[in-house]
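Asker: Predicted model and sequence below, questions to follow.
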Amino acid sequence: MLKKAFLVSAILISFVFSAFSVTYVVGTEASFPPFEYVEGGEFVGFDMDLIREIGKMYGFDVEIRDISFDSLIPSLMTGNIDIIVAGMTITEEREKVVDFTIPYYSADQSIMVRKGEDTNLTILLRKPKIGVQTGTTGDLWVTENLIDAGFLPKTNLIRYDTFNFAVRDLVNKNIDVIVLDNPVAERFTKTDPVEIVGIIKTNENYGMAVAPGNEDLLNMLNEGITKLQESGKMDDLIEKYFK
Ligand code: GLN
């Protein structure tokens, strides 16, 4: 009798678990190729593969939500999303608010201009109109080093919600420069008439982020990243998206 009751409850428990498999809501900003972008109506890219692979390893589903970059941390804090995977640089300021995983990719900033106009770095001395994505490290760099330092009028900095609009405005000559992460700039040189005229060595590291105190999730993500690095799967993804 006891045996039977045990069996029934075991079956019930496994049924309940399979019926309610865990889904994590992942926040990203999907105009950041090749890390996250939309193709054929799907969210694809290096970051998207990364989090889906970790999901496969630990048995959780991933629901992607496309949010403006500067709303990602607020969305995490209000519990609208569980994880940020958005090529987000680990910075001291952000670390005060959220918990980052170990780094999974490195980047610097690029000075990107329209192609074929013989532009070089001196464009920065000619008071250009500079586009950035709001709240990014590129935004921060221009604000601190050009605006606050008095080299560029405030009105010459144009902030965009998505890089797609920024690149369109650059190509259409509404702005002259975009400052953005180098791997993404590299990618835009392959899809749009733009080129890179300079690199700003910022030595950034990308991490995924969770709400503070969400230790179990953070440990799982860290372990997942480590396992993907050790198994060579990370290198396969780098090969797939960056070569
Ligand atoms: N790595 C940059 C940052 O964290 C840009 C990220 C992005 O635009 N998705 O600010």
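Answerer: That came in fine, so what should we check first? Numbers count the residues shown, from 1 in each chain.
Asker: quick one, helices of this structure?
Answerer: 2-19, 46-58, 72-77, 92-95, 137-142, 163-171, 182-191, 215-231, 233-242 (DSSP state H).
Asker: Run through the neighbouring helices and strands of the third one.
Answerer: Spelled out, that is helix 72-77. With contacts taken as 3 or more C-beta pairs under 8 Å, 6 or more residues apart in numbering; DSSP states H and E, helix 72-77 sits against strand 23-28, strand 83-84, strand 209-210. Backbone N, C-alpha and C define where each C-beta goes, glycine included.
Asker: middle-most residue in this structure, spatially?
Answerer: If you average the C-alpha coordinates of the chain and look for the closest C-alpha using C-alpha atoms, centre = their mean, you land on Ala86, 1.8 Å from that point.
Asker: ok, and the closest non-adjacent residue to it?
Answerer: Thr28 (4.5 Å; C-beta to C-beta, 6 or more residues apart in numbering).
Asker: So the one you found versus the ligand, what's the distance?
Answerer: Summarising the geometry, the distance separating Thr28 from the ligand, computed by C-beta to the nearest ligand atom, to the nearest Å, is 8 Å.
Asker: which residues sit in contact with that residue?
Answerer: Glu36, Phe43, Asp47, Met48, Ile64, Arg65, Asp66, Ile67, Leu72, Ile84, Val85, Ala86 (C-beta atoms under 8 Å, 6 or more residues apart in numbering).
Asker: could you pick out which of those are near the ligand?
Answerer: Within the set of the contacts of Thr28, contact with the ligand (C-beta under 6 Å from any ligand atom) is found for Ala86.
Asker: Report the buried members of the contacts of Thr28.
Answerer: Among the contacts of Thr28, the ones that count as buried by 16 or more other C-beta atoms under 10 Å are Glu36, Phe43, Asp47, Met48, Ile64, Arg65, Ile67, Leu72, Ile84, Val85, Ala86.
Asker: Surely the last one and Asp70 touch.
Answerer: No. Proximity of Ala86 to Asp70 does not meet the contact threshold set by C-beta atoms under 8 Å, at 10.9 Å.
Asker: List the beta-bridge partners for Tyr160.
Answerer: According to DSSP bridges, the partner residues bridging Tyr160 are Gln133.
Asker: and what of Tyr24?
Answerer: Using DSSP bridges, the bridge partners assigned to Tyr24 are Val62.
Asker: does it really touch Arg65, like I thought?
Answerer: No. Checked against C-beta under 8 Å, the pair Tyr24 and Arg65 is beyond contact range at 10.7 Å.
Asker: how near is Ser31 to Asp161?
Answerer: Counting by C-beta to C-beta, to the nearest Å, the gap between Ser31 and Asp161 amounts to 8 Å.
Asker: Then Gly116?
Answerer: With C-beta to C-beta as the criterion, Gly116 and Asp161 are 28 Å apart.
Asker: Tell me which of these two has more neighbours.
Answerer: A side-by-side neighbour count of Gly116 and Asp161, using other C-beta atoms under 10 Å, places Asp161 first with 17 against 9.
Asker: ok, the more buried one touching Ile67?
Answerer: No. Because the distance of 9.8 Å does not satisfy C-beta under 8 Å, Asp161 is recorded as not touching Ile67.
Asker: what residues does the protein put near the ligand?
Answerer: By the criterion of C-beta under 6 Å from any ligand atom, the positions of the chain lying close to the ligand are Glu29, Phe32, Phe69, Ala86, Gly87, Met88, Thr89, Gln133, Thr136, Thr137, Asp181, Glu204.
Asker: was I right about the third one contacting Glu29?
Answerer: Yes. Using C-beta under 8 Å, Phe69 is in contact with Glu29, at 4.3 Å.
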